[in-house]
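Chemist: just coords:
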């Protein structure tokens, strides 16, 4: 007998999966539902401690890369008697749904509106996209109308042991007695990353203002390592430890990335740098004090949904956000 009522599936990526956490807790509060979540094994720790998710079905990367059809068939045989909520809505999850015995519900991706807005900048498309963020769109898999954004903020529950470990790390680095900024300078798509020189300028401003700071994230090019020294924890922390360190910070500075939503999920104010993407896609941080920094008067924005399009303007959208503007926002957020 399963200890959950429904199965929810969202395979990737980090930010998208983080955004499901508040939605599942909303359904738990309002409907009393509990979920078994199918996702990547590396993302399973996001649901630790969630009353809405008694079980995570974590899938290993090698199995996801090999034969999805076989894996989907195994999942359908084991859990297919329960309803399936498809919060990914891609070819893989459609194949899984085709094998599923129980009812299948999926969320609307607003793909038509996204394409029209990206190509033609049509006002009706933008208004439709901006009316609901991604967590609100997720809820339409089960709800007739979406609740307010604040009811769906992502939630990652950092426990006392993790908080103590974060405090120990900060203490060993000599950090924590002054305002602390967690910095995430990386992006899966290069065009979503704030330029290196801007980050270096921000480090200078943080030092001048008497702030502490540290660098978090994963990258094959930890380009601030030479300047940051031991304060650069790139690749050195687990997902849960990263959440705890972000929670210990006074503010998180990041691009439009997965860790941006981790900040909201642990209630740390976020200063998010948006360039080729836009809030209309549905991914802006939703915390009460979160802010989006962007250059609004560029006709070429948004140029891409994920930030992978070739740029002919040398990333003017991101390079045009000065470090001084970011520092001004941090002084209000801390």
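Modeler: Received the coordinates, thanks. Quantities reported herein were computed from a predicted structural model and do not represent experimental measurements.
Chemist: and residue 57, that one's in a strand?
Modeler: Yes: counting by DSSP: H, G, I helix; E, B strand; the rest coil, one finds residue 57 located in a strand.
Chemist: now it: how far from residue 203?
Modeler: Using C-beta to C-beta, to the nearest Å, we find residue 57 at a distance of 41 Å from residue 203. C-beta coordinates here come from the backbone N, C-alpha and C atoms, glycine included.
Chemist: ok, residue 22 touching residue 134?
Modeler: No: using C-beta atoms under 8 Å as the test, residue 22 is too far from residue 134 to be in contact (10.6 Å).
Chemist: So if I had to pick from those two, which one is more boxed in?
Modeler: For residue 22 versus residue 134, neighbours defined as other C-beta atoms under 10 Å are more numerous around residue 22 (25 against 22).
Chemist: pretty sure the more buried one is in a helix, no?
Modeler: Yes: counting by three-state DSSP, residue 22 is part of a helix.
Chemist: so who does it touch?
Modeler: 135, 151, 152, 153, 154, 155, 265 (C-beta atoms under 8 Å, 6 or more residues apart in numbering).
Chemist: Roughly how far does the second one sit from residue 26?
Modeler: Going back to what we said before, that points to residue 151. From residue 151 to residue 26 the distance is 6 Å (C-beta to C-beta).
Chemist: out of those two, which sits in the more crowded spot?
Modeler: Remark: of residue 151 and residue 26, residue 26 carries more neighbours, 23 against 16, as counted by other C-beta under 10 Å.
Chemist: Next, that one: secondary structure please.
Modeler: helix.
Chemist: One more: residue 299?
Modeler: coil.
Chemist: That one: how many residues sit nearby?
Modeler: 5.
Chemist: With residue 37 instead?
Modeler: For residue 37, using other C-beta under 10 Å, the count is 28.
Chemist: same question, residue 73
Modeler: 15.
Chemist: quick one, what contacts residue 201?
Modeler: 322, 323.
Chemist: Can you tell me the element it falls in?
Modeler: Taking DSSP states H and E as the definition, residue 201 sits inside helix 196-208.
Chemist: Off-centre distance for the next helix or strand after that helix?
Modeler: Downstream of helix 196-208, the first helix or strand assigned by DSSP H and E is strand 212-215. Remark: strand 212-215 is offset 20 Å from the chain centroid, using C-alpha atoms, centre = their mean, to the nearest Å.
Chemist: Renumber starting at 58 from here on
Modeler: In the new numbering, first residue 58, that becomes strand 269-272.
Chemist: packing partners for strand 269-272?
Modeler: Strand 269-272 sits against strand 237-241, helix 253-265, helix 282-285, with contacts defined as 3 or more C-beta pairs under 8 Å, 6 or more residues apart in numbering; DSSP states H and E.
Chemist: Dump these into TSV; add distance to residue 154 and mean pLDDT as well.
Modeler: As requested, the helices and strands packed on strand 269-272 are arranged in TSV below (distance: least, C-beta to C-beta, whole Å; pLDDT from 0 to 100):
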stretch	distance to residue 154	mean pLDDT
strand 237-241	34	98
helix 253-265	42	98
helix 282-285	44	97
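Chemist: Which of the ones you listed sits closest to residue 297?
Modeler: Residue 297 lies closest, by C-beta to C-beta, to one member of the helices and strands packed on strand 269-272: strand 237-241, at 14.8 Å.
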